[in-house]
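Peer 1: Below is the sequence, then the predicted model.
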Amino acid sequence: MQRKLLARGYTPETVGEALAGLKAAGIQNDARFAEAYIRNRVANGYGPVRITRELYERGVSRELVTQVLAALELDWAEQVQAVRRKKFGGQAPADIKEQARQSRFLQYRGFTYQQIGNAFKDSTP
């Protein structure tokens, strides 16, 4: 929010005062924003690596992102499986070329190498 207000020409002092007032009133809360953002991105099929990076870009601290992700107790193994099934179906890749294509897609979506590897182990032949 600070970055957007500064880009619109507000002075740093005005922005600081406004944000402090919003935080004090409980209107602006980074933890609440992070939780809502994570839930939205998970529902849209994104993984922890991408979600974490996007939150850092939006100014949420590393500690807060880690805390919120841990508190949500998301099943990333099930999430990566669901994303793979939705995009490519339930069958295991026919060859290494197809597996590489699917892996690249899942990496782009923000899943870790371990999560992606496990998604292929659990595929039905």
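Peer 2: That came through fine.

Peer 1: how much space between the residue nearest the centre of the chain and residue 16?
Peer 2: Centroid check for the chain by Cα atoms, centre = their mean gives residue 51 as the closest residue, at 1.7 Å. Per Cβ to Cβ, to the nearest Å, residue 51 is found 28 Å from residue 16. Quick note: C-beta positions are derived from backbone N, CA and C, even for glycine.

Peer 1: Repeat that for residue 38.
Peer 2: Counting by Cβ to Cβ, the gap between residue 38 and residue 16 amounts to 27 Å.

Peer 1: between those two, which one's more packed in?
Peer 2: Between residue 38 and residue 16, residue 38 has the larger neighbour count (other Cβ atoms under 10 Å), namely 23 against 13.

Peer 1: My read is that the more buried one contacts residue 54, right?
Peer 2: No: applying Cβ atoms under 8 Å as the test, residue 38 and residue 54 come out as separate, 9.6 Å apart.

Peer 1: Just give me how far stretch 57-72 sits from the chain centre.
Peer 2: Centroid separation for stretch 57-72 versus its chain: 10 Å, with Cα atoms, centre = their mean, to the nearest Å.

Peer 1: Mind checking the pLDDT average for it?
Peer 2: Mean pLDDT, computed over stretch 57-72, is 91.

Peer 1: can you give me the helices for this protein?
Peer 2: For the chain, the helices defined by DSSP state H cover 2-7, 12-24, 30-43, 48-57, 62-72, 76-88, 96-109, 113-121.
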